[in-house]
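Chemist: task: produce atomic coordinates for the following.
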Amino acid sequence: MGVSGGILLAGGIVLMVFAILSFVRIIPLGVLQQDGSPGGDALAHTAAPGRMTAELQEGQTYFIYLARSAADPRARFDQRPVVTGPSGDPYESGPATVSSNSALRGTEATVEASFVARESGLHTIDVPQPEPAQTEVTAILTLGESTGGFLSGLFGTVGSVFTAIVAGALGLTLLVAGVIWGFARRR
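Modeler: Numbering: from 1, shown residues only. Okay, the predicted model is just below:
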């Protein structure tokens, strides 16, 4: 095969692995399990309306997903979930700071609210009835990514997707070139 063909193959494989890992990092895989129930990234969950408790860290961003059957209309909050920290001071969560969606086996989860914990310790999150009220919904609390606002979140996500696509295309090109080079050297 030769040194040049080996370098092309190795470079192609490295770039393909990088592209795959980049895509996996972007997709929220731990929100739902294979059966559609809350996944490994869930810090707490409850049927909505309901209450959940979790140990949270001050300054950390958290997301509240609403999971429902994919056949049902998308559920949204008319009122915001209320977060109460260890000191007993309640505050409302805000609107979702990112757009994130996870779907598995007929269950779809979408970020509908987010908040930054104001103190460390055990927090209670009161989840109001989402609309439409007849839809069966589970609220799932997950660790969020601290973003510096809309633009950094947008450019971070778009940049990650673009980087993954370019790395994948370049990796595939190098991989094919390395294989062709190897076969051409043997003749």
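Chemist: if I look at the residue nearest to Thr124 when sequence neighbours are not counted, how far off is Asp126?
Modeler: Among residues not flanking Thr124 along the chain, Thr84 sits closest, at 4.6 Å (CB to CB, 6 or more residues apart in numbering). Using the backbone N, CA and C atoms, a C-beta is placed for each residue, glycine as well. Per CB to CB, to the nearest Å, Thr84 is found 7 Å from Asp126.
Chemist: over to Pro95?
Modeler: Separation of Pro95 from Asp126 (CB to CB): 17 Å.
Chemist: looking at these two, which one has more neighbours?
Modeler: Neighbour count, other CB atoms under 10 Å: between Pro95 and Asp126, Asp126 has more, with 18 against 10.
Chemist: please name the residues that touch that one.
Modeler: By CB atoms under 8 Å, 6 or more residues apart in numbering, the contact set of Asp126 is Arg51, Pro81, Val82, Thr84.
Chemist: what's the local residue count around Ala169?
Modeler: 13.
Chemist: just to be sure, it is in a helix?
Modeler: Yes. Judged by DSSP: H, G, I helix; E, B strand; the rest coil, Ala169 forms part of a helix.
Chemist: what residue ranges in the chain score low on pLDDT?
Modeler: Across the chain, the ranges flagged by pLDDT under 70 are 1-5, 22-29, 145-161, 187.
Chemist: now do the strands in it.
Modeler: 42-48, 50-56, 61-69, 76-77, 82-84, 90-92, 94-95, 101-104, 107-116, 121-127, 130-131, 137-143 (DSSP state E).
Chemist: and among those, the most buried is which?
Modeler: strand 137-143 (a mean of 25; mean count of other CB atoms under 10 Å).
Chemist: tell me what Glu55 is bridged to.
Modeler: Leu122 (DSSP bridges).
Chemist: show me what contacts it?
Modeler: Leu43, Gly121, Leu122, His123.
Chemist: outline the domain layout of the protein.
Modeler: The chain breaks down by automatic domain parsing into domains covering 1-29+148-187, 31-146.
Chemist: what distance separates the last one from the centre of its chain?
Modeler: In other words, domain 31-146. 13 Å (CA atoms, centre = their mean, to the nearest Å).
Chemist: wait, Arg118 sits on Tyr91?
Modeler: Yes. With contact defined as CB atoms under 8 Å, Arg118 reaches Tyr91; the gap is 6.7 Å.
Chemist: so what's Val14 up against?
Modeler: Val14 is in contact with Gly171, counting by CB under 8 Å, 6+ apart.
Chemist: how many residues are close by the nearest residue to Pro73 once chain neighbours are set aside?
Modeler: Leaving aside its sequence neighbours, Pro73 sits nearest to Pro132 (CB to CB, 6+ apart; 5.9 Å). By the measure other CB under 10 Å, the count of residues near Pro132 is 13.
Chemist: cool, Gly85 as well?
Modeler: 18.
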